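> model the structure of this input:
(one chain, ligands or ions: 1)
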Amino acid sequence: MPAMSDDRRDFNGRKVVITGGLGFIGSTAARRLVGLGAHVTLVDSLIPQYGGNLFNIADIKDQVRVNVSDVRDEYSLRTLVQGQDCLLNLAGQTSHMDSMEDPFTDLDINCRSQLSILEVCRRYNPEIKVVFASTRQIYGKPDYLPVDEQHPVRPVDVNGINKLAGEWYHILYNNVYGVRASALRLTNTIGPRMRVKDARQTFLGVWVRLLLEGRPFEVWEGHQLRDFTYVDDVVDAFLLAAGSDAANGQVLNLGGECVVSLKAVADLLIEINGGGHYELRSFPSDRKRIDIGDYYSDCRRIESVLGWTPKVPLREALTRTIEFYRQHLHCYV
Ligand SMILES: NC(=O)c1ccc[n+]([C@@H]2O[C@H](COP(=O)([O-])OP(=O)(O)OC[C@H]3O[C@@H](n4cnc5c(N)ncnc54)[C@H](O)[C@@H]3O)[C@@H](O)[C@H]2O)c1
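Okay, here's the model as predicted:
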């Protein structure tokens with residue numbers, strides 16, 4: 001099987017497996033890869049309280065292979081990575097609160113399973129290229145802004161610690177065993193197919209849902225700064241990293257095209273929707289304990305390594321998201 005060499009950005013005919021492929025970002029990557037002519041396999045556990053949703057692939061279901069299995073099941077992993085050119089490793093438990101209430105499930109999925117995936121790659125497909133979905137959560141409360149990759153890592157929740165370990169297993173396997181791997185540290189990602197039924201993935205999803213249902217949503221404090229990335233930009237970064245050996249062994253921040261307060265995002269959503277209400281509240285105490293305050297990324301490293309910059313403006317990102325859920329909300333609640 002040929003290895004994907006440097007600057008191999010042509011996915012036509014390539015075999016790509018996506019863990020978490022029925023989720024928000026995974027299914028968006030799948031759609032893009034199908035359009036590029038790749039042979040795409042989606043691995044997802046479809047555990048009901050997680051983000052997998054078959055509706056996410058309704059339009060491409062005949063063009064992808066779906067394997068409903070759990071990355072905690074080491075035995076099914078072998079057949080899934082064998083013969084593949086590339087693995088986009090996105091399966092994850094995404095809820096920070098759940099990681100505090102049930103830390104061992106988070107440990108099993110976000111940490112132990114990552115090691116299992118990499119072991120299977122090392123033993124059965126060392127030529128594969130892996131791109132891992134890491135998170136800005138690992139930095140914790142920033143010492144300075146924008147946050148670059150030199151910033152100390154100081155996770156504020158169990159999820160952040162397990163994602164950090166998962167990330168570093170990838171870098172270790174790259175450096176020690178030559179299993180080419182890159183980690184992208186994602187910030188808040190938004191777009192069609194993001195989770196809206198609860199806040200397990202992002203508070204913004206719940207805002208969109210309540211807005212479209214004509215109900216008020218809650219904004220906690222509201223002055224916190226964020227840089228949201230549109231999902232298509234995130235997929236661009238995954239494909240660039242997958243297709244370039246320049247990113248091997250690297251951790252790279254993603255970020256958004258602008259920095260904005262949560263209150264400003266709420267106002268913009270209401271403007272785009274043509275109406276709506278929110279209530280400003282203080283943080284619930286259990287959330288406050290793991291809140292990171294302001295965050296936005298310094299993305300200069302990924303720009304220099306892969307030429308990636310976020311392209312879709314926030315207004316456009318929110319408009320596309322609201323338009324999608326105007327049509328399809330019933331499939332996501
Ligand atoms: N969305 C964001 O803002 C964001 C930010 C930082 C990092 N990330 C990371 O990106 C990745 C994808 O996130 P997403 O936003 O698409 O979330 P998502 O919940 O929509 O997708 C994750 C998918 O993983 C699947 N999954 C969970 N546990 C599994 C298991 N044990 N075996 C197989 N499949 C399993 C879920 O069913 C789901 O489809 C995650 O690893 C997440 O930590 C996302």
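> contact residues of the protein facing the ligand?
Contact residues, the chain versus the ligand (CB under 6 Å from any ligand atom): 19-20, 22-26, 44-47, 50-52, 70-72, 90-94, 109, 133, 135, 186, 188-189, 195, 201-202. Any C-beta I mention is one placed from the backbone N, CA and C, and that applies to glycine too.
> at 5 Å what do you get?
20, 22-25, 44-45, 50-52, 70-71, 90-92, 94, 109, 133, 135, 186, 188-189 (CB under 5 Å from any ligand atom).
> next step: the residues you listed restricted to helices.
24, 25 (DSSP state H).
> and the helix or strand containing residue 77, what's buried?
Assigned by DSSP states H and E, residue 77 falls within helix 74-81. Going by neighbour count (16 or more other CB atoms under 10 Å), the buried part of helix 74-81 is 77, 80, 81.
> for the last one, what are its contacts?
Looking back up the chat, that one is residue 81. The neighbours of residue 81, taking CB atoms under 8 Å, 6 or more residues apart in numbering as the test, are 17, 87, 117, 120, 121, 124, 125, 128.
> of these, closest to the ligand?
Among these, residue 117 lies closest to the ligand (CB to the nearest ligand atom), at 10.0 Å.
> give me the neighbour count for that closest one.
26 (other CB atoms under 10 Å).
> hang on, isn't it packed against residue 88?
No: judged on CB atoms under 8 Å, residue 117 makes no contact with residue 88 at a distance of 11.5 Å.
> between those two, what contacts are shared?
In contact with both residue 117 and residue 88: residue 19, using CB under 8 Å, 6+ apart.
> isn't residue 158 right up against residue 97?
No: the pair residue 158 and residue 97 fails to qualify as a contact (CB under 8 Å) at a distance of 10.1 Å.
> where in the protein is the helix or strand with the lowest mean pLDDT?
Using mean pLDDT, DSSP states H and E, helix 285-288 stands out as the lowest-scoring helix or strand of the chain, at a mean of 79.
> just the CA trace of that helix, in PDB.
The C-alpha trace of helix 285-288 is given here as PDB (Å, rounded to 0.1, in the frame of the first residue of the first chain):
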ATOM      1  CA  SER A 285     -21.400  27.100  40.400                       C
ATOM      2  CA  ASP A 286     -20.500  23.600  38.900                       C
ATOM      3  CA  ARG A 287     -19.700  25.200  35.600                       C
ATOM      4  CA  LYS A 288     -17.800  28.100  37.000                       C
END
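> output the contacting helices and strands for it.
helix 96-101 (3 or more CB pairs under 8 Å, 6 or more residues apart in numbering; DSSP states H and E).
> sorry, back to before: and the average pLDDT for the helix holding residue 77 is what?
Taken as a whole, helix 74-81 carries a mean pLDDT of 91.
> how far off centre is that helix?
Mean C-alpha position of helix 74-81 versus that of the full chain (CA atoms, centre = their mean, to the nearest Å) differs by 22 Å.
> give me the subset of the residues of the chain next to the ligand lying in strands.
44, 133, 135, 186, 189 (DSSP state E).
> is it true that the fourth one touches residue 135?
Yep, that's residue 186 we're talking about. Yes: the criterion here is CB under 8 Å, and residue 186 meets it with residue 135 at 5.6 Å.
> more neighbours: which of the two?
More crowded of residue 186 and residue 135, by other CB under 10 Å: residue 135, with 25 against 22.
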